[in-house]
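Engineer: build me a model:
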Amino acid sequence: METTFVWFDLGYTLVYLEREQWFAAYLAEQGIARKLREIELAYHYADKLFMREYPGVLGREAATFFPWYLGVLNYRLGLCLDLQEQWRRLNELRTERRSPWVAYPYAAKVLAELKRASYGIGLISNWDTSARQVLADTGLLPYFDHVIVSSEVGMEKPDRAIFELALRQAGVRAEECCYVGDNYYDDVVGCREVGMDCCLINRFGRVGIEEVQHEPVLASVQELPAYLHRKEWKRSV
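Structural biologist: Model (predicted):
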């Protein structure tokens with residue numbers, strides 16, 4: 001069936017934190033040098049570990065997990081640091097920005113391209129009540145026809161109920177939709193429950209998701225329009 005509607009995750013699909021730069025700045029203050037690529041990979045591995053082994057934890061209040069998460073980061077980088085002091089300083093670096101979330105430079109361009117191609121666009125995100133403000137601050141909100149946020153509807157991915165709610169609100173069938181997200185265990189697993197296609201975002205190829213058997217895996221949403229074009233071409237031949 002032809003894809004007519006594209007749903008997106010929010011964090012690390014459309015927007016991101018400049019956390020690697022903050023981490024590098026903190027290390028520099030401690031007289032420690034690490035390449036940015038090393039830090040990026042450490043964060044990537046920590047994210048995928050938590051997604052796989054501790055589902056739902058990354059969506060909770062930072063105080064409930066972040067020192068634990070920092071311990072994983074430090075281990076990946078061969079560091080032994082005071083976690084409480086490290087967390088305090090990293091939080092200072094983050095809060096120096098009015099809005100710490102930044103849109104990927106290609107995000108608005110991709111959404112605009114999908115709009116021009118007459119796709120419906122929606123968001124299904126496990127996020128707190130700041131989700132709509134993040135979309136507004138990053139200039140992405142006007143592109144969305146429907147926004148479904150876990151904190152607003154009282155359900156979370158991968159529960160099929162949040163996907164079913166989104167489908168009802170948009171008035172579309174699962175077979176008409178493609179979902180795009182970076183968390184296999186929330187996004188792909190949830191989509192499969194309702195029969196929705198899903199593109200998994202993983203910026204480092206298959207690094208960190210070696211246990212996952214899923215296609216397609218895209219490096220970013222920048223690759224999405226070409227994927228949709230190929231999919232429709234295959235369907236038509």
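
Engineer: max-length helix in the protein?
Structural biologist: Determined from DSSP state H, the single longest helix within the chain is helix 36-53.

Engineer: check which residues of that one are buried.
Structural biologist: 39-48, 50-51 (16 or more other Cβ atoms under 10 Å). C-betas here are computed from N, CA, C, even on glycine.

Engineer: next one: stretch 154-165
Structural biologist: 156-158, 160, 162-163, 165.

Engineer: these: which two are farthest apart?
Structural biologist: Among the buried residues of stretch 154-165, the pair separated by the greatest distance (Cβ to Cβ) is 158 and 165, at 13.5 Å.

Engineer: got any residues that touch both of these two?
Structural biologist: Common contact partners of residue 158 and residue 165 (Cβ atoms under 8 Å, 6 or more residues apart in numbering): none.

Engineer: what ranges do the strands span in this structure?
Structural biologist: 5-8, 15-17, 101-103, 120-125, 146-149, 177-181, 197-201, 217-218 (DSSP state E).

Engineer: residue 70 is nearest to which of those strands?
Structural biologist: strand 15-17 (14.1 Å).

Engineer: now for the closest one, which elements pack on it?
Structural biologist: Secondary-structure packing of strand 15-17 (3 or more Cβ pairs under 8 Å, 6 or more residues apart in numbering; DSSP states H and E): strand 101-103.

Engineer: I'd like the average pLDDT over the strand it packs on.
Structural biologist: Averaging pLDDT along strand 101-103 gives 95.

Engineer: please spell out which residues along that strand are buried.
Structural biologist: 101, 103.

Engineer: contacts for that strand, please.
Structural biologist: By Cβ under 8 Å, 6+ apart, strand 101-103 touches 11, 14-18, 134, 137-140.

Engineer: quick revisit: is it possible to get CSV of the buried residues of stretch 154-165 that adds pLDDT and distance to residue 230?
Structural biologist: Converted to CSV, the buried residues of stretch 154-165 look like this (pLDDT from 0 to 100; distance: Cβ to Cβ, whole Å):
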residue, pLDDT, distance to residue 230
156, 96, 31
157, 97, 26
158, 97, 27
160, 97, 28
162, 98, 28
163, 98, 24
165, 98, 30
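
Engineer: would you turn those into TSV with distance to residue 122?
Structural biologist: Rendered in TSV, the data for the buried residues of stretch 154-165 read as follows (distance: Cβ to Cβ, whole Å):
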residue	distance to residue 122
156	16
157	13
158	17
160	16
162	12
163	11
165	11
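
Engineer: from the residues you listed, which land in helices?
Structural biologist: 160, 162-163, 165.

Engineer: how does the protein divide into domains?
Structural biologist: 5-15+102-236, 19-95 (automatic domain parsing).

Engineer: and the ones you listed, which is most packed in?
Structural biologist: Across these, the average number of neighbours (mean count of other Cβ atoms under 10 Å) peaks for domain 5-15+102-236, which reaches a mean of 18.

Engineer: could you report the separation of residue 115 from residue 24?
Structural biologist: 36 Å (Cβ to Cβ, to the nearest Å).

Engineer: ditto for residue 90
Structural biologist: Taken as Cβ to Cβ, the span from residue 90 to residue 24 is 11 Å.
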